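Engineer: what's the 3D shape of this:
(one chain, ligands or ions: 1)
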Amino acid sequence: SKPVRLSVHMHPYGEGRSLLLSHDITALDQAEAMRRDFVANVSHEIRTPLTVLAGFVETLQSLPLKAEDRNRYLDLMSQQAQRMQTLVSDLLTLSRLEGSPLPPSQEWHPVAALMAQCEQDAHDLSALLWGGTQTLSFETHGVAELAGSASELLSAMFNLIGNAIRYSPADKAIVVRWTSTPDGGAIFSVKDQGQGIAPEHIPRLTERFYRVDRSRSRETGGTGLGLAIVKHVSQRHGAELSIESAPGKGSCFSISFPPQRVHQQTTLPTATER
Ligand code: ADP
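Structural biologist: Have a look, this model is predicted:
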């Protein structure tokens, strides 16, 4: 009720008063509706794997099963448990990012190390989903180091790479690239030749739990929170996420970092300058 009282105090006259009042109530209603939506979404996302798990537990308890069937059931149960773990871990990441407006620490991280870690994880994920038939390439042009939080940067990079792998068919190429910009900044981009995204969905992709294709996202281990995390990490690093995509052709997700976050390869200060 506080914001409403505040606006009455500041605008005590005539029609403006009721206008502002209703405006603020609408904003409060919207915030409350968003909170309710969020809780409903989280509950739904947790309930689905829980229902499956509970069903398998019941089957295991009530039926005498052959060892191979029992093991198959246990594998499926383990997958569902993994899904809930990923969801909770993404939720915690997101709430940590939203809860602290402070910019991340100004430590410098070599781009080569960030890329090496993503490369390993990307090959593992692609092998798991597509049996290693996707072509993944990793390129760095001119960018040496980045300032910020290494874990956040890795999480943003890998969320985009993971999406490209998950939303592309088996035999298509994915290009992951760091490029320096003429103003001394840097762009991280992930380009795929996957299914692409229709223009009406693009503005909503960074909303929590927004998915174009729910079943595809679930099948490949998505939580619907990845791009919300990428957006927050970008904002905290003074960077900007942009999305270009054409249905049936593919997508390019990129994050552009301002010069103060970037050491270029040629301008890398020597040990004594630092
Ligand atoms: P999810 O866990 O569902 O992948 P994200 O927040 O990472 O959640 O992405 C939101 C949605 O955006 C996805 O469900 C998918 O529909 C779409 N999307 C993201 N990346 C791509 C991509 N590279 N190609 C096609 N669609 C994508």
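Engineer: Could you check how far the strand or helix carrying Leu87 is from the centre of its chain?
Structural biologist: According to DSSP states H and E, Leu87 maps onto helix 67-99. Averaged C-alpha coordinates place helix 67-99 at 17 Å from its chain's average position (C-alpha atoms, centre = their mean, to the nearest Å).
Engineer: Now tell me what touches the following helix or strand past it from outside.
Structural biologist: Sequence-wise, the next helix or strand downstream of helix 67-99 (DSSP H and E) is strand 108-110. The set of residues external to strand 108-110 that reach it, using C-beta atoms under 8 Å, 6 or more residues apart in numbering, is 144-148, 150, 153, 263. (C-beta placed from N, C-alpha, C; glycine too.)
Engineer: So what's the model's average confidence on strand 108-110?
Structural biologist: Taken as a whole, strand 108-110 has an average pLDDT of 97.
Engineer: Check stretch 255-274 too.
Structural biologist: pLDDT averaged over stretch 255-274 gives 77.
Engineer: With stretch 217-234 instead?
Structural biologist: Averaging pLDDT along stretch 217-234 yields 92.
Engineer: Extract the C-alpha set from that stretch and format it as CSV.
Structural biologist: Extracted in CSV, the C-alpha atoms of stretch 217-234 (Å, rounded to 0.1, in the frame of the first residue of the first chain):
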residue,chain,number,x,y,z
SER,A,217,12.8,-27.8,-24.1
ARG,A,218,11.9,-30.5,-21.6
GLU,A,219,13.2,-33.5,-23.7
THR,A,220,16.6,-31.9,-23.9
GLY,A,221,16.8,-30.9,-20.2
GLY,A,222,15.7,-27.3,-20.4
THR,A,223,14.3,-25.4,-17.4
GLY,A,224,13.0,-22.3,-19.3
LEU,A,225,15.3,-20.1,-17.1
GLY,A,226,18.4,-20.1,-19.3
LEU,A,227,17.9,-16.9,-21.2
ALA,A,228,16.6,-15.1,-18.1
ILE,A,229,19.9,-15.9,-16.5
VAL,A,230,21.8,-14.7,-19.6
LYS,A,231,19.9,-11.4,-19.5
HIS,A,232,20.7,-10.8,-15.9
VAL,A,233,24.4,-11.7,-16.2
SER,A,234,24.7,-9.4,-19.2
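Engineer: I'd like to check what contacts that stretch. Which residues are they?
Structural biologist: 41, 45, 82-83, 86-87, 90-91, 93-94, 97-98, 129, 149, 152-153, 155-156, 159-160, 162-163, 166-167, 205-211, 216, 240-241, 253, 255.
Engineer: Is it in proximity to the ligand?
Structural biologist: Yes: using C-beta under 6 Å from any ligand atom, stretch 217-234 reaches the ligand at 217, 222-228.
Engineer: What is the nearest of those residues to Gly185?
Structural biologist: Of all these, Gly185 sits closest to Leu227, with 21.5 Å by C-beta to C-beta.
Engineer: Name the helix or strand for that closest one, please.
Structural biologist: Residue-wise, Leu227 maps onto helix 226-236 under DSSP H and E.
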